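**Student:** What follows is a predicted protein model with its sequence.
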Amino acid sequence: MVYLKFRRNTYIDSLLWLFFIVLTTEGQQFNMTGSSEFASLRQAYTWTCSMFVPPEQTVKGVMFYRNNILCVLIGYLNNDCVNQSANPRYTYACLSDYVYTLTIPAENMTEYEQGSLWRCKYVVYSNNGYRSSDVIIKIASPPTVHMLSQQDILEERNLSITCKATPGNPSSTTFYWTKVDNPGFRHNGSTLHLPNIQRTSSGTYICRAENNYNNEEKGTDSQSMDVNVLYPPTIKTLSQQDIVEGRALLVTCQAISGNPNSTTFYWTKEDNPGFRQNGSTLHIPNIQRISSGTYRCTAENNYSIGEKGTHNQSMDVNVLYQPTIERRSLQVVNESEKFTITRYIESNPLSDASWYNGTQLLKTQTSVKTASYTIENTTCTDTKNYTLVASNGIGNTVTARVELIVNCKILISLKPLTT
């Protein structure tokens with residue numbers, strides 16, 4: 001990038017006209033221009049000096065100066081382009097009687113030239129006023145993006161990261177973000193904002209900073225940043241466990257790993273705050289009916305930010321056991337009364353119950369907790385032992401003897417006396 005730098009005249013405003021007289025004569029002037037607005041490292045750059053022959057002079061030529069040090073005298077002698085006192089760092093050419101060039105070769109276009117001050121001047125008088133304005137060469141350079149650190153963030157939170165850069169030359173800088181594994185992703189601006197971030201947003205993001213050089217050429221720099229979305233493991237669905245009393249319960253809790261993938265498991269029981277079994281497998285040997293209930297498997301992983309990810313699933317354990325019939329003493333009823341014999345049956349699942357008088361089936365009930373048999377009008381002949389049979393498909397069929405005694409009325413038979 002080349003900037004014109006006009007030297008300020010220290011004289012009062014009334015003398016300014018003299019400055020312009022020595023630069024121009026009848027519309028003619030000495031003019032120094034660069035081959036582009038910005039110079040680029042390792043690319044050739046050319047200064048072009050357009051001049052005129054001052055009044056009462058005939059020599060055609062100019063002197064190029066760098067930082068007030070003469071680089072070359074170049075002009076025409078006997079119609080030949082000649083130069084002297086030439087600095088070998090540069091190359092020179094006569095384009096016409098009034099146009100001369102100094103070229104900085106690509107191999108010499110280095111940081112050494114940054115900010116150097118240039119001008120061209122009429123060749124005859126070293127102190128005459130016929131010269132160009134001073135111009136400064138500035139080498140185009142890209143911005144420098146600052147380092148970006150890895151971002152560890154919990155799923156469903158908001159990520160907001162601002163990319164910063166040291167300006168290049170020119171200083172105007174634009175930013176945008178891309179994602180390595182997603183060619184369609186582009187986020188304009190210096191700040192990457194991902195609201196309600198999901199695990200699929202994990203990956204490597206690149207912040208690019210650009211400035212515009214000559215002829216649509218751009219300077220660019222970039223830094224990559226890893227986004228690590230943290231999320232808990234996901235436990236696979238657990239099904240109800242129906243198990244016969246006395247057997248061993250063995251259930252393994254499985255989970256899809258979270259991030260990070262190291263997972264720990266433990267089991268708890270809803271109605272027993274003191275119950276905890278570490279590990280993914282719930283093991284209850286010789287299980288009893290009191291172990292029925294709802295168990296919960298919890299899976300955890302430890303995040304790098306000091307928090308934990310957790311997920312849990314509940315599982316019902318249903319302990320199955322054979323019937324047990326309530327035991328009672330014999331039951332007594334008065335003759336002619338309505339009476340219902342009842343017995344409570346403890347079982348899981350519920351039992352089917354059958355009442356027998358000897359081998360005679362009196363009544364059958366399905367899936368009951370309480371078995372009952374009703375006699376509408378008891379008689380003396382109802383005094384007997386009844387049999388209750390209960391079964392639920394678990395273990396053995398059980399029976400109980402139910403004894404009923406009917407208090408009979410005393411019958412007095414009056415017969416005439418005979419002699």
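**Tutor:** Nice, thanks for sending it over.
**Student:** Show me the shaky parts of the stretch 51-200 of the chain.
**Tutor:** Under the criterion pLDDT under 70, the flagged ranges of the stretch 51-200 of the chain are 125-128.
**Student:** and the chain, what are its domains?
**Tutor:** Per the record, the chain has its domains at 2-140, 144-228, 234-320, 326-407, by automatic domain parsing.
**Student:** Assumed P55 was part of a strand.
**Tutor:** No - using DSSP: H, G, I helix; E, B strand; the rest coil, the assignment for P55 is coil, not a strand.
**Student:** separation between it and D221?
**Tutor:** For P55, the distance to D221 (CB to CB, to the nearest Å) stands at 53 Å. C-beta coordinates here come from the backbone N, C-alpha and C atoms, glycine included.
**Student:** Among those two, which residue is more densely surrounded?
**Tutor:** Remark: of P55 and D221, D221 carries more neighbours, 19 against 8, as counted by other CB atoms under 10 Å.
**Student:** Direction included, what does the longest strand seen in the chain pair against?
**Tutor:** Of all the segments of type strand in the chain, defined by DSSP state E, the longest one is strand 308-325. The strands beside strand 308-325 in its sheet (DSSP bridges) come out as strand 241-244 (parallel), strand 293-302 (antiparallel), strand 339-348 (antiparallel).
**Student:** Is the closest residue to Y90 other than its chain neighbours bridged to anything, and to what?
**Tutor:** Nearest residue to Y90, sequence neighbours excluded (CB to CB, 6 or more residues apart in numbering): L102, at 5.3 Å. Beta-bridge pairing of L102 under DSSP bridges involves W47, Y92.
**Student:** shouldn't L102 be in contact with A86?
**Tutor:** No - between L102 and A86 there is no contact under CB atoms under 8 Å: 9.5 Å.
**Student:** more neighbours, those two?
**Tutor:** More crowded of L102 and A86, by other CB under 10 Å: L102, with 26 against 17.
**Student:** coming back round to it: buried ones in the longest strand of the chain, by neighbour count?
**Tutor:** Within strand 308-325, the residues that count as buried by 16 or more other CB atoms under 10 Å are 309, 311-313, 315, 317, 319-323, 325.
**Student:** Run the chain-centre distance for it.
**Tutor:** Relative to the chain's own centre, strand 308-325 is displaced by 36 Å; criterion: CA atoms, centre = their mean, to the nearest Å.
**Student:** and the following helix or strand past it, C-alpha only, in PDB?
**Tutor:** Downstream of strand 308-325, the first helix or strand assigned by DSSP states H and E is strand 331-334. C-alpha atoms of strand 331-334 as PDB (Å, rounded to 0.1, in the frame of the first residue of the first chain):
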ATOM      1  CA  GLN A 331     -66.100 -71.600  62.900                       C
ATOM      2  CA  VAL A 332     -69.400 -72.100  64.700                       C
ATOM      3  CA  VAL A 333     -72.800 -71.000  63.400                       C
ATOM      4  CA  ASN A 334     -76.400 -71.500  64.500                       C
END
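**Student:** What helix or strand is W177 located in?
**Tutor:** strand 174-179.
**Student:** Name every strand pairing with that strand and say which way it goes.
**Tutor:** Assessed with DSSP bridges, strand 174-179 is paired to strand 182-188 (antiparallel), strand 203-212 (antiparallel).
**Student:** Residues contacting the longest one, please?
**Tutor:** Going back to what we said before, that points to strand 203-212. 140, 142-145, 148, 163, 165, 167-182, 190, 192, 218-227 (CB atoms under 8 Å, 6 or more residues apart in numbering).
**Student:** Just the buried ones from those, in ChimeraX syntax?
**Tutor:** Here is the ChimeraX selection string for the buried members of the contacts of strand 203-212, based on 16+ other CB under 10 Å:
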select :140,142,143,145,148,163,165,168,169,170,173,175,176,177,178,179,190,192,219,221,222,223,225,227
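**Student:** Tell me who's in contact with the nearest residue to T340 once chain neighbours are set aside.
**Tutor:** Excluding the flanking residues, the one nearest T340 by CB to CB, 6+ apart is T374, at 4.4 Å. Going by CB under 8 Å, 6+ apart, T374 touches 338-341.
**Student:** Just the buried ones from those residues?
**Tutor:** Neighbour-count burial (16+ other CB under 10 Å) applied to these gives 339, 341.
**Student:** Dump the contacts of T374 into JSON lines; add pLDDT and distance to I405 as well.
**Tutor:** Listed next are the contacts of T374 as JSON lines, based on pLDDT from 0 to 100; distance: CB to CB, whole Å:
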{"residue": "K338", "pLDDT": "92", "distance to I405": "16"}
{"residue": "F339", "pLDDT": "93", "distance to I405": "11"}
{"residue": "T340", "pLDDT": "92", "distance to I405": "15"}
{"residue": "I341", "pLDDT": "93", "distance to I405": "12"}
